[in-house]
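S.K.: using only what follows, build the 3D model:
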Amino acid sequence: MDDETAAKTFPPGTPLDVRLGLTKAEDVAFPLRWGIIGAGEISRQWVHAMDACEGVTVTAVAARDADRARQFAEQHSIESSYGDCAAMVASPDVDIVYIGTIPEVHKEQVLLAAAAGKHVLCEKPFSANPADAREMYAAAETNDVMVQHGLWTRFFPAVEHARLAIENGEIGEVLRVQADFDPIYTLQAAVLAFGFDEEPRSITATRHHAVLEYDDDRSAVLSFIPFPSEFPEVAEFIGRNGRITLEQPAHCPTSVTIRVPEKAPSRYMDDNNPAPEQRFDYPIPESVRIPNGYPNQEGFVYQTEAVHRCLAAGMLECPQFGTRESLHTIDLLSRIHEARKKHNEAFE
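M.R.: Down below sits the predicted model:
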């Protein structure tokens, strides 16, 4: 199925892997036995969300504290618990590992799981070190397993809709991306708009902002909002002919608004009238509920379902955020961190 046919066949919020004809929607039922590394809060929320994916069975959990792993297993009706990650990934009852630990141990745990022949879904941030990230992906290739960067934002239907609208040229060429939240979430919006084959001409950054300048007068303006504050957390894609807004909270949005006036900019070209709006809502399925969860954390299920579909199709990465795009984003993030460091040192 070619892209044009797929785009006409499926609704705009359809997952990219399904829309491109790479997978089958029904393969969310593809059976996978999951093991979890990490018994903290993010793993708790993830377990609740993944229950809604038909093919999921959680068979094991591991943590450095064996008692904590045991308690987690009891709370979530998981059959086996381990105080040793190596023992869990060696289990024949585990097909794929979810890593929900702190970033500093991601590399160690990804390499361990991949060497044991297990697929991996690793929480973001995958790695702050580009060299480490490449080593992690190389291990996946060597062992013929999936190692998927867990940037869950890309799997939300509202983001899928925004991607399709950009691809179809609904707002014309994207000239500016504006986003506020933290570096990884805001940066991925820029990469979504401008692609991962093109390097920005320059990156400047301060403690709370970064600007990426691209050829042809295109740029991304990213704001890193301090907590606590009542930040807007929206992501906007500003095109020559219109504008797309991922509504709050933009890192896990359930709504996207598209504005396409007859002439842009509408207020200057249309007697100060605003551009007409089309709002598309994608509420979290009623089947997914997380007690005391973070905003829209139930949306973990979209990423989990994509992993099941892609592995059922024999794919070792999800096109929503594949290896090349992950590495490009990590490279840019490293440059932003370096620019921020230099700025901060200059003002100390």
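S.K.: ok, how many other residues are close to the nearest residue to Asp281 once chain neighbours are set aside?
M.R.: For Asp281, ignoring the flanking residues on the chain, the nearest one in space by C-beta to C-beta, 6 or more residues apart in numbering is Ser255 at 5.0 Å. C-beta coordinates here come from the backbone N, C-alpha and C atoms, glycine included. Neighbourhood size, Ser255 [other C-beta atoms under 10 Å]: 16.
S.K.: over to Glu141?
M.R.: The burial count for Glu141: 12, using other C-beta under 10 Å.
S.K.: kindly report the same for Met315.
M.R.: So Met315, with other C-beta under 10 Å, has 17 neighbours.
S.K.: which SSE is the nearest residue to it once chain neighbours are set aside in?
M.R.: Residue nearest to Met315 in three dimensions, not counting chain neighbours: Leu22, with 6.5 Å by C-beta to C-beta, 6+ apart. Taking DSSP states H and E as the definition, Leu22 sits outside all helices and strands.
S.K.: I'd like the distance between Leu22 and Phe10.
M.R.: Leu22 is 12 Å from Phe10, where distance means C-beta to C-beta, to the nearest Å.
S.K.: one more: Leu332?
M.R.: From Leu332 across to Phe10, the span is 30 Å (C-beta to C-beta).
S.K.: and for Gln320?
M.R.: Taking C-beta to C-beta as the measure, Gln320 falls 15 Å from Phe10.
S.K.: these two: who's more crowded?
M.R.: Gln320 (24 against 18).
S.K.: pull the number of nearby residues for the closest residue in space to the more buried one that isn't next to it in sequence.
M.R.: The shortest distance from Gln320 to any non-neighbouring residue, by C-beta to C-beta, 6+ apart, is to Arg154 (4.1 Å). Using other C-beta under 10 Å as the criterion, Arg154 is surrounded by 24 other residues.
S.K.: what residues are up against the residue nearest to Asp281?
M.R.: 158, 246-247, 279-282 (C-beta atoms under 8 Å, 6 or more residues apart in numbering).
S.K.: one more pass at 6 Å, please.
M.R.: Going by C-beta atoms under 6 Å, 6 or more residues apart in numbering, Ser255 touches 158, 247, 281.
S.K.: can I get the buried part of those as one PyMOL selection?
M.R.: The buried residues among the contacts of Ser255 can be selected in PyMOL (16 or more other C-beta atoms under 10 Å) with this line:
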select buried, resi 158+247
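S.K.: could I get the contacts of Ser255 as a markdown table with distance to Ala86?
M.R.: Listed next are the contacts of Ser255 as a markdown table, based on distance: C-beta to C-beta, whole Å:
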| residue | distance to Ala86 |
| --- | --- |
| Ala158 | 39 |
| Glu247 | 43 |
| Asp281 | 45 |
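S.K.: Val97 is in contact with Cys122, correct?
M.R.: No. With contact defined as C-beta atoms under 6 Å, Cys122 and Val97 do not form a contacting pair (8.5 Å).
S.K.: more neighbours, these two?
M.R.: Neighbour comparison, Cys122 and Val97: the larger count goes to Val97, with 28 against 24 (by other C-beta under 10 Å).
S.K.: verify the stated contact: the more buried one with His119.
M.R.: No. In terms of C-beta under 6 Å, Val97 does not count as a neighbour of His119; the distance is 7.1 Å.
S.K.: any idea how far Ala140 is from Cys310?
M.R.: Relative to Ala140, Cys310 is positioned 13 Å away (C-beta to C-beta).
S.K.: so these two - more neighbours on which side?
M.R.: Set Cys310 next to Ala140 and count neighbours by other C-beta under 10 Å: Cys310 wins out with 24 against 21.
S.K.: leaving out sequence neighbours, find the closest residue to the more buried one.
M.R.: What sits nearest to Cys310 in space, not counting adjacent residues and going by C-beta to C-beta, 6+ apart, is Cys318, at 5.1 Å.
S.K.: what's the following helix or strand after the helix or strand Leu112 falls within?
M.R.: Using DSSP H and E, Leu112 maps to helix 106-115. Using DSSP H and E, the helix or strand that follows helix 106-115 in sequence is strand 119-123.
S.K.: next, the angle from that following strand to helix 106-115.
M.R.: 170 degrees (axes from the mean of the first three to the mean of the last three C-alpha atoms, to 10 degrees).
S.K.: dump the very next helix or strand once past strand 119-123 to PDB, restricted to CA.
M.R.: Note on strand 119-123: by DSSP H and E, the next helix or strand toward the C-terminus is helix 130-143. What follows is helix 130-143 as a C-alpha-only set of coordinates in PDB (Å, rounded to 0.1, in the frame of the first residue of the first chain):
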ATOM      1  CA  PRO A 130      25.200   9.800  21.600                       C
ATOM      2  CA  ALA A 131      28.000   7.300  21.700                       C
ATOM      3  CA  ASP A 132      26.200   5.200  24.300                       C
ATOM      4  CA  ALA A 133      23.000   5.300  22.300                       C
ATOM      5  CA  ARG A 134      24.800   4.000  19.200                       C
ATOM      6  CA  GLU A 135      26.200   1.200  21.300                       C
ATOM      7  CA  MET A 136      22.700   0.300  22.500                       C
ATOM      8  CA  TYR A 137      21.300   0.200  19.000                       C
ATOM      9  CA  ALA A 138      24.300  -1.700  17.700                       C
ATOM     10  CA  ALA A 139      23.500  -4.400  20.400                       C
ATOM     11  CA  ALA A 140      20.000  -4.600  19.100                       C
ATOM     12  CA  GLU A 141      21.300  -5.100  15.500                       C
ATOM     13  CA  THR A 142      23.800  -7.700  16.600                       C
ATOM     14  CA  ASN A 143      21.200  -9.700  18.500                       C
END
